[in-house]
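S.K.: Just need the structure, nothing else, for what follows:
(2 chains)
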Amino acid sequence: MTTKADPQSAEAVIRQGLEEVGADPGQITRDATFESLDVDSLDLVEIAQIVEDEFGVELVGDDVKDLKTVGEVIDLVVAKAS
Amino acid sequence: MNRRVVITGTGAVTPLGVGADTLVDRWTRGESGIVDGDASCRDFDPLEFLSRKETRRADRFTQLALAASDEALNKAGWDELPYDSRRIGCVIGTGIGGIGSLMDQSDVLREKGAKAVSPLAVPLMMANAGSAAVAMRHGLNGESFGVVSACAAGAHAIGTAVRMIRAGAADAVVTGGSESAMTEVAIAAFGKMGATSPSGISRPFDARRDGFVMGEGAGVLVIEDAEAAEARGATILGEIAGYGASSDAHHLTAPDPSGTESARAIRMALEDAGLAAADIDYVNAHGTSTPLNDRSETDALKLAFGDAAGDVPVSSTKSVIGHLMGAAGAVEAVATTSVLARRLAPPTVGLEEFEEGLDLDYIPGEARPLEGERLHAISNSFGFGGHNAVLCIAAT
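M.R.: Next up is the predicted model:
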């Protein structure tokens, strides 16, 4: 039972995931880097699981290892879901 | 000539509250932190010490260690590290580490499958997590590791840290023990082996004692090379004057009833400190409230101290906080340091009915002033598996 990954819902789910792993909600924007949010590879694995549960989109290590910003992950999720 | 090792900071989180002074203040007044058989740290809120992110990246046993370490470093005056960070070690003991996190992820695995298991599971559950987290929080780059020896782990950690400083391998070590293992499996398993108290009452050395009350908590000490500590003008809280350790090699869980090896550990600690039995002014007993421990420990003290055994006041911190297992030896070292500084030995709370053969001076009733010039104590810790670790602590 997954939902459709349009840009708004993808952003909402990824924001929720970032907050869940402890990122400062006020700092989360499309342009924010994971480094600036103190989000590391372990956090990204958790966020990838939340994304998969929500949208049925599987993000593997190679997909996310070069992504630096929140917006890049949102775009990838939308692209993979379409 | 061995380097001397002094204590410059102490911290504790226990069922009696947050803080080393809270522990000893309340214990001295005879107050217990055990409520209806529960010895959890009810007053501890990790978010008072850690960010939300830090909290979710640490098992509760690690959270407790971090809070205790903050108090210890603060007390030591370590606003900045006083030595080269590469010369400061970190040794934290635990009985089992992050068993709560392990059980949670075991449930996730069964209910949702392997893909749902958290990537944080391993760093949360590993038994060295407390040591790693404390080193990372304070930027300690010296030797760091965990120590695992059941209920002797806290004392073993401190003893090992003392040896590191004496050997010249470190100038200071942040050391202690931490435990939070009150999971359903652990509670069931300790109950099944008859180790824990069906009545939920911790009353060491009492004839009615029926097992230990499982507790959680952490104790952390900052220990330093004495000359270096004095040179930087540190306030010295006490000295770890001696350490002795041995193994029963007798049984999976039961102590050797003869007390031979536990008595040898006590004698080794005294010899290491250059002291005789008559020099010891107070014994902080392992005193678990199990039928076996309290008898064999009594016999071990008689073996080690000979005729002097009956003259030394003995009390058990576990009478008011239960058994903190891998944290016990460290919390009790923190408490003993304070007891010597205050020159006032808290009682074995709840001890009312005496048993034949258990005839030491266990300080029933009220706290007892300690007499003598420079006070010395031993703190005993014995763990399942036959591990015996004894610290000899001296007042300043």
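S.K.: Close to chain A: what parts of chain B are there?
M.R.: Residues of chain B lying close to chain A by CB under 8 Å from any CB of the partner chain are B:51, B:52, B:53, B:54, B:56, B:57, B:115, B:116, B:118, B:119, B:120, B:123. C-beta: built from backbone N, CA, C; applies to glycine.
S.K.: tell me the secondary structure for the third one?
M.R.: Per DSSP: H, G, I helix; E, B strand; the rest coil, the secondary structure class of residue B:53 is helix.
S.K.: out of the residues of chain B next to chain A, which one sits closest to chain A?
M.R.: If you rank these by distance to chain A using CB to the nearest CB, residue B:53 comes first, at 2.7 Å.
S.K.: Burial check on the closest one, number of neighbours?
M.R.: Applying other CB atoms under 10 Å in any protein chain shown, we find 16 residues neighbouring residue B:53.
S.K.: Give me the buried subset of the residues of chain B next to chain A.
M.R.: By neighbour count, with 16 or more other CB atoms under 10 Å in any protein chain shown, these hold B:53, B:54, B:56, B:57, B:118, B:120, B:123 as buried.
S.K.: tell me the helices in chain A, going along the chain?
M.R.: Ranges of helices in chain A, per DSSP state H, are A:7-20, A:41-55, A:61-64, A:70-81.
S.K.: Outside of the third one itself, which residues are in contact with it?
M.R.: In this structure, residues lying in contact with helix A:61-64 by CB atoms under 8 Å, 6 or more residues apart in numbering or on different chains are A:44, A:48, A:73, A:76, A:80.
S.K.: do that again at 7 Å, thanks
M.R.: For helix A:61-64, the external contacting residues (CB atoms under 7 Å, 6 or more residues apart in numbering or on different chains) are A:44, A:48, A:73, A:76.
S.K.: With stretch B:363-379 instead?
M.R.: With CB under 7 Å, 6+ apart as the test, stretch B:363-379 has contacts from B:28, B:30, B:155, B:241, B:266, B:269, B:275, B:279-284, B:313-315, B:329, B:332-333, B:336, B:339-340, B:343-348, B:351-352, B:390-395.
S.K.: mind checking the end-to-end distance for it?
M.R.: 15 Å (CA to CA, to the nearest Å).
S.K.: Just give the nearest non-adjacent residue to the closest residue to chain B within chain A, would you?
M.R.: Nearest to chain B, among the residues of chain A, is residue A:22, at 2.7 Å (CB to the nearest CB). Closest residue to residue A:22 apart from its sequence neighbours, by CB to CB, 6 or more residues apart in numbering or on different chains: residue B:53 at 2.7 Å.
S.K.: show me what contacts that neighbour?
M.R.: By CB under 7 Å, 6+ apart, the neighbours of residue B:53 are A:21, A:22, A:38.
S.K.: ok so, going back, which of the residues of chain B next to chain A sit farthest apart?
M.R.: Within those, B:51 and B:115 form the most distant pair, 27.9 Å apart (CB to CB).
S.K.: Dihedrals phi and psi, residue 23?
M.R.: Looking at chain A here, since you left the chain open. Main-chain dihedrals, residue A:23, degrees, to the nearest 10: phi -70, psi 150.
S.K.: hang on, it packs against residue A:36?
M.R.: No: between residue A:23 and residue A:36 there is no contact under CB atoms under 7 Å: 9.4 Å.
S.K.: if you count what's nearby, which of the two comes out ahead?
M.R.: Neighbour count, other CB under 10 Å: between residue A:23 and residue A:36, residue A:23 has more, with 23 against 16.
S.K.: any low-confidence regions in the chain?
M.R.: If you meant another chain, say so; for now it's chain A. Within chain A, the set of residues satisfying pLDDT under 70 comprises A:1.
S.K.: I was after chain B.
M.R.: For chain B, counting by pLDDT under 70, the residues that fall below are B:1.
S.K.: which stretches of it form helices?
M.R.: Under DSSP H, chain B gives helices at B:20-28, B:52-56, B:60-75, B:99-112, B:121-125, B:129-138, B:153-166, B:184-192, B:226-231, B:260-273, B:291-305, B:318-321, B:328-342.
S.K.: Contacts only, for the residue nearest to the spatial centre of chain A.
M.R.: Centroid check for chain A by CA atoms, centre = their mean gives residue A:14 as the closest residue, at 4.0 Å. Contact analysis of residue A:14 by CB under 7 Å, 6+ apart lists A:47, A:51, A:70, A:73, A:74.
S.K.: Any chance of a ChimeraX selection covering the buried ones in the contacts of stretch B:363-379?
M.R.: Applying 16+ other CB under 10 Å to the contacts of stretch B:363-379, the buried members can be selected in ChimeraX as follows:
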select /B:28,30,155,241,266,269,275,279,280,281,282,283,284,313,314,315,329,332,333,336,339,340,345,346,347,348,351,390,391,392,393,394,395
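S.K.: Excluding chain neighbours, what is closest to residue B:137?
M.R.: Spatial nearest neighbour of residue B:137, excluding adjacent residues (CB to CB, 6+ apart): residue B:66 at 5.9 Å.
S.K.: My read is that the one you found contacts residue B:134, right?
M.R.: Yes: with contact taken as CB under 7 Å, residue B:66 and residue B:134 are classed as touching, separated by 6.3 Å.
S.K.: Could you report the neighbour count for residue A:56?
M.R.: Applying other CB under 10 Å, we find 14 residues neighbouring residue A:56.
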